[in-house]
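>>> What follows is a predicted structure for the sequence shown.
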Amino acid sequence: MAIPITYNLRHLRQRPGATAMTAVGIALTVAIALFILALLGGLRQAFARSGQPLNVLVLRKGSTAEVSSTVTEQQAALLRTMPGIAKNAAGQPMVSPELVVVVSLPQRDGAGPNNVTVRGLGPIGMQLRPQVHLVQGRWFHAGQREVDVSQSVARRYRHAHVGGSIRFGQGQWRVVGIFAAGNTAPSSEIWGDVHQMQGDFQRQGVFSSVLLQAASPVEASALVRRVSSDQQLELHGTHEQAYYAQQTQSGAPIEFVGWVVALIMAIGSCFAAMNTMYAAVAYREREIGTLRMLGFSRPSILGCFVLESLMLAVLGWALAVVVMLPLNGLTTGTMNNATFSEVVFQIKMTPAVLGWALAFALLMGLIGGLAPAWQAARREIVSALRA
Amino acid sequence: MTTTAPFPAPAKTVAEPDIVEAEHIGKVFHRDSFEVVALEDVSLTIARGDFVALMGPSGSGKTTLLNMIAAVDRPTSGTMRVMGQDIYRLNDREAARWRNEKIGYIFQTFNLIPVLTAAENVELPLLLTRLSKGERREHVETALRLVGLQDRMGHLPKQLSGGQEQRVAIARAIVSDPAILLADEPTGDLDRQSAAEVLEIMTRLNQEFRKTVVMVTHDAHAAGYAHVTRHLEKGHLQA
């Protein structure tokens, strides 16, 4: 059996100043890491939940995003005839040609205009996105200058409420409903009738993309292959889930900057932990000698001091969690590099995020504690007892 | 010089080997460019059940010799067998285990762990054994009862007097039932009354429980409790 944990706990309690300072140092670093992890977790979740497993998104060959793709009406008509496409209850093929444009809208808080994705689609498009449901008002009518906005758009943009009027394209659009999309990609969008949008944006006869639903997972893969290999079509098919997963890279700049900051702070925190532990070892040399005299081995001493450093790290992690937990569920947005519009997502402190942050804190504790613990373990008994 | 104590040594069993056999032990410390001879050609045998006092002025090598018996210091020459074991053949981990099982060490400055209670301090050596929590508790109570501190189990060292601290340290030294008790100036930091109590306990451990006691001391009165007193002078054991 090792040296009891109470030994470490009471020592930490005996020097509250040093313990608190080190724990706060670690907590600051862990808080940054937690924030990045929670942010990216939310972003990944927003995109990962967006795609339906049977859906296939068709874009122009070479395009990586809907906003930069064009699909003609003829191409869309050809797609509709392809085998393997599911049909709805009315016997219509589940094919949705859609127009995606990015518009600039003024924000409610006066922070200036921001890019928002506007999607023109028809009833089939809505059926292809079962996660989307109306929470207020009604759906837009075909042929009308009406739109439905997502909850986050309603919250963040001026006049984006039921009965309000927002301006883009050729003029004003009346907001007739608000929909929820459960933190998936459409939760950052505005929806309207595809044909009305085509007219307004002078894109008659042209769509941005076509969303198809395959009859089965096997057919979905077959459709992807069929569309992409058809020389005549000059289009490219992707599983909808894969398309959104790729867009998670929108968080890459945040991730990069965040980790650089966290890394620099982590180095500082490691040194803080190291300093505290070196002081602890120096202060307790005679205790180390006594423990060794009683029969505790060098590995026991090493483990004891590493454990104490890890306890400091856990304390720092707990502090960081307490400070950061109020941010859980907070909605924020970032620029989607693929669509040049804002993607809205929630900061998610999931168990996995907390777990990774704990691992990060423990790593700092380990790095900070290893050298002092090694020094303690290497100390000769006789000289330690004379200290 | 060898002197005889007023307490008689317990009867020795026939053909029982000596518990400590040191032959031609030498120890040289290197400090910067100087060589300091701590021990020179020391040969010593201690029989099982003996109570030996090692006396001598500061720097005479008493503690060095004690540390060698505890396998925490190594001689630069000579051999040492303790309970038949060539202790310098043991590696670090084996020596630690051996110490835990065979040696009880009592320090001048008590060396209790300040953040642990008396009972927790006494329990420490038992954490390295296979005893269950209940068994450990039983051993700790027995050891503390033996030194008259069964009512101080939950006290921290700072809540105890010097004499009580040393008695807790003795309980810690005997809790794993070692054959040898090594005491380095056990009464050096105590008043006369407390010193007498500690020496009485050590005598009782030697006489009733047949522990072999090797005690380093400056104090002739303390040495008077031993059966045998050996004197060290500048690293030499006096005849």
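Nice, I can see it.
>>> Spell out which residues make up each domain of chain A.
The record's domain parsing of chain A by automatic domain parsing lists A:5-48+A:250-386, A:58-215.
>>> out of those domains, nearest to B:Pro75?
domain A:5-48+A:250-386 (12.9 Å; C-beta to C-beta). C-beta here means a position set from N, CA and C on the backbone, and glycine is covered the same way.
>>> ok, is the closest one in contact with chain B or not?
Yes - remark: domain A:5-48+A:250-386 sits within contact range of chain B at A:6-7, A:10-11, A:14, A:286-287, A:289-299, A:381-382, A:385, by C-beta under 8 Å from any C-beta of the partner chain.
>>> among those, which ones are buried?
A:7, A:10-11, A:286-287, A:289-298, A:381-382, A:385 (16 or more other C-beta atoms under 10 Å in any protein chain shown).
>>> Show me the strands in the stretch 151-300 of chain A, by range?
A:165-168, A:171-180, A:189-193, A:206-207, A:209-213, A:235-239 (DSSP state E, counting those that start in this stretch).
>>> So which residues of the stretch 201-350 of chain A form helices?
Using DSSP state H, counting those that start in this stretch, the helices of the stretch 201-350 of chain A run over residues A:217-229, A:240-247, A:252-283, A:285-294, A:298-324.
>>> Switch these over to CSV; also include mean pLDDT and distance to B:Glu94.
CSV is the format used below for the helices of the stretch 201-350 of chain A (pLDDT from 0 to 100; distance: least, C-beta to C-beta, whole Å):
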stretch, mean pLDDT, distance to B:Glu94
helix A:217-229, 92, 63
helix A:240-247, 80, 57
helix A:252-283, 85, 25
helix A:285-294, 94, 14
helix A:298-324, 94, 12
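>>> among those, which is the most enclosed?
Per-stretch averages of neighbours, counted by mean count of other C-beta atoms under 10 Å in any protein chain shown, single out helix A:285-294 among the helices of the stretch 201-350 of chain A, with a mean of 23.
>>> show me where pLDDT drops low in chain A?
Confidence mapping of chain A against pLDDT under 70 gives the ranges A:1, A:48, A:183, A:248-251, A:333-344.
>>> in it, which residue is closest to the centre?
A:Leu43 (2.2 Å; C-alpha atoms, centre = their mean).
>>> wait, is that one part of a helix?
Yes - under DSSP: H, G, I helix; E, B strand; the rest coil, A:Leu43 falls within a helix.
>>> Can you verify my assumption that it contacts A:Phe345?
Yes - using C-beta atoms under 8 Å, A:Leu43 is in contact with A:Phe345, at 5.0 Å.
>>> Return the residues in contact with the closest residue to chain B within chain A.
Chain B sits closest to A:Gly295 of chain A, with a gap of 2.5 Å, by C-beta to the nearest C-beta. Neighbouring residues of A:Gly295 by C-beta atoms under 8 Å, 6 or more residues apart in numbering or on different chains: B:96-97, B:99-101, B:125, B:128.
>>> can you rerun that using 7 Å?
Counting by C-beta atoms under 7 Å, 6 or more residues apart in numbering or on different chains, A:Gly295 touches B:96-97, B:99-100, B:125, B:128.
>>> go on, A:Gly137?
Applying C-beta under 7 Å, 6+ apart, the residues near A:Gly137 are A:162, A:176-178.
>>> Show me the residue sitting in the middle of chain B in space.
Central residue of chain B (C-alpha atoms, centre = their mean): B:Leu182, at 0.9 Å.
>>> my guess is that residue meets B:Ile103, correct?
Yes - between B:Leu182 and B:Ile103 there is a contact at 6.1 Å, judged by C-beta atoms under 7 Å.
>>> Overlap of the contact sets of the two?
In contact with both B:Leu182 and B:Ile103: B:Ala70, using C-beta under 7 Å, 6+ apart.
>>> how much space between the closest residue to chain A within chain B and B:Asp86?
Residue of chain B nearest chain A, by C-beta to the nearest C-beta: B:Asn100 (2.5 Å). Distance, B:Asn100 to B:Asp86, using C-beta to C-beta, to the nearest Å: 18 Å.
>>> okay, those two: which has more neighbours?
Remark: of B:Asn100 and B:Asp86, B:Asn100 carries more neighbours, 22 against 11, as counted by other C-beta atoms under 10 Å in any protein chain shown.
>>> For the more buried one, which non-adjacent residue is closest in space?
Sequence neighbours aside, A:Gly295 is the residue nearest to B:Asn100 in space, at 2.5 Å (criterion: C-beta to C-beta, 6 or more residues apart in numbering or on different chains).
>>> Give the next helix or strand downstream of the worst-scoring helix or strand of chain B on mean pLDDT.
Each helix and strand of chain B was given a mean pLDDT (mean pLDDT, DSSP states H and E); the minimum falls on strand B:3-4 at a mean of 43. Counting by DSSP states H and E, the next helix or strand C-terminal to strand B:3-4 is strand B:20-31.
>>> Pull out the buried positions in the lengthiest helix in chain B.
With secondary structure taken from DSSP state H, chain B has its longest helix at helix B:192-207. Buried positions in helix B:192-207, judged by neighbour count with 16+ other C-beta under 10 Å: B:194-199, B:201-203, B:205-207.
>>> Quick check: next helix or strand after it?
That would be, after helix B:192-207 and using DSSP H and E, strand B:212-217.
>>> Give me the buried stretch members for whichever helix or strand comes after that following strand, please.
Moving toward the C-terminus from strand B:212-217, the next helix or strand (DSSP H and E) is helix B:220-223. Neighbour counts over helix B:220-223 (16+ other C-beta under 10 Å) mark B:222-223 as buried.
>>> Any idea how far helix B:220-223 is from the middle of the chain?
Averaging C-alpha positions (C-alpha atoms, centre = their mean, to the nearest Å) puts helix B:220-223 16 Å from its chain's average.
>>> looking only at pLDDT, what's the mean for that helix?
Mean per-residue pLDDT for helix B:220-223: 92.
>>> what about stretch A:81-96, distance to the chain center?
33 Å.
>>> Not counting its own residues, what contacts that stretch?
A:54, A:79-80, A:121-122, A:124-125, A:127-128, A:210-215, A:219, A:222-223, A:226.
>>> now the strands of the stretch 151-300 of chain A as JSON lines including mean neighbour count and distance to A:Ala86?
Supplementary listing: these in JSON lines, determined by neighbours: other C-beta atoms under 10 Å in any protein chain shown; distance: least, C-beta to C-beta, whole Å:
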{"stretch": "strand A:165-168", "mean neighbour count": "17", "distance to A:Ala86": "33"}
{"stretch": "strand A:171-180", "mean neighbour count": "19", "distance to A:Ala86": "23"}
{"stretch": "strand A:189-193", "mean neighbour count": "26", "distance to A:Ala86": "22"}
{"stretch": "strand A:206-207", "mean neighbour count": "21", "distance to A:Ala86": "20"}
{"stretch": "strand A:209-213", "mean neighbour count": "26", "distance to A:Ala86": "5"}
{"stretch": "strand A:235-239", "mean neighbour count": "22", "distance to A:Ala86": "15"}
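>>> May I have the phi/psi pair for the spatially closest residue to A:Pro113 that is not a sequence neighbour?
Spatial nearest neighbour of A:Pro113, excluding adjacent residues (C-beta to C-beta, 6+ apart): A:Ser104 at 4.4 Å. Dihedral pair for A:Ser104: phi -110, psi 130, per degrees, to the nearest 10.
>>> Surely A:Ser104 and A:Asn115 touch.
Yes - because the distance of 5.8 Å satisfies C-beta under 7 Å, A:Ser104 is recorded as touching A:Asn115.
>>> And these two? Which one has more around it.
It is A:Asn115, of A:Ser104 and A:Asn115, that has more neighbours when counted by other C-beta under 10 Å, with 16 against 12.
>>> neighbours around B:Lys62, how many?
B:Lys62 - counted by other C-beta under 10 Å - has 27 other residues nearby.
>>> Report the contact partners of it.
B:54, B:56, B:216, B:232.
>>> got a pLDDT number for it?
Reported pLDDT for B:Lys62: 93.
>>> Next: the one 3 residues further on.
The predicted local distance difference test score for B:Leu65 is 94.
>>> For it, give me its contacts.
B:39, B:42, B:54, B:232.
>>> which phi and psi does it have?
phi -60, psi -40.
>>> Quick check: it vs B:Lys211, distance?
19 Å.
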